[in-house]
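>>> one predicted model, sequence on top.
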Amino acid sequence: EGRGGSAFVHYPEYDASELPPSTLFYGACLSSLVGLAVLQPLSFSAAASSTRDGARVPTLRLFHNLHCNALTFLPRTALSLTLFDMLLAHKQRKIALANAEGANESLSEVGVFAAGGIAGLVTHVLVHPLHVVTTRYNAMRSVYTGLWKCFAHTIKSHGIPMLYHNITISLGPAFVMHGVLFSTFRRMRHTLPDIIIRSPGR
């Protein structure tokens with residue numbers, strides 16, 4: 001039996017990776033790229049079918065605007081995953097040192113939520129300028145010949161503060177969303193193996 005008399009098997013706490021941050025980031029980028037390559041055609045097909053009465057969409061059109069989506073999706077996902085792992089590893093090292101001196105600490109759900117929220121918050125601040133530029137570019141393609149032209153014109157006409165336009169109203173949701181996302185992921189990582197092991201026929 002696990003802790004507290006639970007019938008579930010108790011698994012050790014989630015161990016953050018000991019890989020260098022650069023390796024974690026590259027791995028997260030690759031995972032994000034695969035995810036985007038799968039999601040892009042599905043989301044484009046769904047949008048096209050709702051506006052074109054189910055007309056067949058050419059294969060290449062399924063990847064329309066992929067570079068703009070990748071510019072925000074990849075760094076957002078890769079940075080948040082990497083930062084979350086780094087924060088969790090730092091917290092676990094502190095707990096290990098404290099326990100070595102006789103303490104009895106463990107990684108709490110609140111700590112995991114906070115690590116996920118902070119990772120999401122930092123990532124949101126760093127990636128928000130990319131989101132602003134890609135949004136302006138998509139809305140005014142007839143004006144800009146490329147993303148770099150859009151970026152340069154935005155800086156020249158409106159200044160750097162424009163890159164962080166409306167960021168304050170999204171900081172809170174970004175913290176909560178990533179906190180819930182990562183804490184739920186960690187909990188499911190422990191719970192799902194227990195359910196599978198205890199399922200009938202296994």
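Happy to help now that I have it.
>>> per-residue confidence for residue 7?
Per-residue pLDDT puts residue 7 at 36.
>>> report the central residue of this structure.
Residue closest to the average C-alpha location in the chain (CA atoms, centre = their mean): residue 77, at 3.4 Å.
>>> quick check: closest non-adjacent residue to it.
Among residues not flanking residue 77 along the chain, residue 32 sits closest, at 4.0 Å (CB to CB, 6 or more residues apart in numbering). Every residue, glycine included, has its C-beta placed from N, CA and C.
>>> and the one you found, how many neighbours does it have?
Around residue 32 there are 20 other residues, counting by other CB atoms under 10 Å.
>>> let me see the contact set for it.
73, 74, 77, 78 (CB atoms under 8 Å, 6 or more residues apart in numbering).
>>> how near is it to residue 75?
Per CB to CB, to the nearest Å, residue 32 is found 8 Å from residue 75.
>>> any idea how far residue 93 is from residue 104?
Taking CB to CB, one finds residue 93 at 17 Å from residue 104.
>>> now residue 134
As judged by CB to CB, residue 134 and residue 104 stand 49 Å apart.
>>> next: residue 166.
Distance from residue 166 to residue 104, by CB to CB: 45 Å.
>>> give me the longest helix you can find in this protein.
Determined from DSSP state H, the single longest helix within the chain is helix 66-100.
>>> and the very next helix or strand once past that one, how far out from the chain's middle?
Next helix or strand after helix 66-100 toward the C-terminus (DSSP states H and E): helix 109-139. Distance, stretch centre to chain centre, for helix 109-139: 8 Å (CA atoms, centre = their mean, to the nearest Å).
>>> how about stretch 123-143?
That offset, for stretch 123-143, works out to 18 Å (CA atoms, centre = their mean).
>>> what's in contact with that stretch?
Stretch 123-143 has contacts (CB under 8 Å, 6+ apart) with 65, 68-69, 71-72, 75-76, 79-80, 83, 144, 146-147, 150-151, 154, 162-165, 167, 170-171, 174, 178.
>>> just stretch 163-172 next, same as before
121, 124, 125, 128, 129, 132, 133, 154, 155.
>>> just the CA atoms of stretch 106-120, as PDB, please.
Output of stretch 106-120 as PDB, limited to C-alpha atoms (Å, rounded to 0.1, in the frame of the first residue of the first chain):
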ATOM      1  CA  SER A 106       9.100  16.700   0.600                       C
ATOM      2  CA  LEU A 107       8.100  18.400  -2.600                       C
ATOM      3  CA  SER A 108       4.500  19.800  -2.200                       C
ATOM      4  CA  GLU A 109       1.800  20.300  -4.800                       C
ATOM      5  CA  VAL A 110       1.900  24.000  -4.000                       C
ATOM      6  CA  GLY A 111       5.600  24.000  -4.800                       C
ATOM      7  CA  VAL A 112       5.100  22.200  -8.100                       C
ATOM      8  CA  PHE A 113       2.200  24.700  -9.000                       C
ATOM      9  CA  ALA A 114       4.500  27.600  -8.200                       C
ATOM     10  CA  ALA A 115       7.300  26.300 -10.300                       C
ATOM     11  CA  GLY A 116       5.000  25.700 -13.200                       C
ATOM     12  CA  GLY A 117       3.500  29.200 -12.800                       C
ATOM     13  CA  ILE A 118       6.800  30.900 -12.600                       C
ATOM     14  CA  ALA A 119       8.100  29.100 -15.600                       C
ATOM     15  CA  GLY A 120       5.000  30.100 -17.600                       C
END
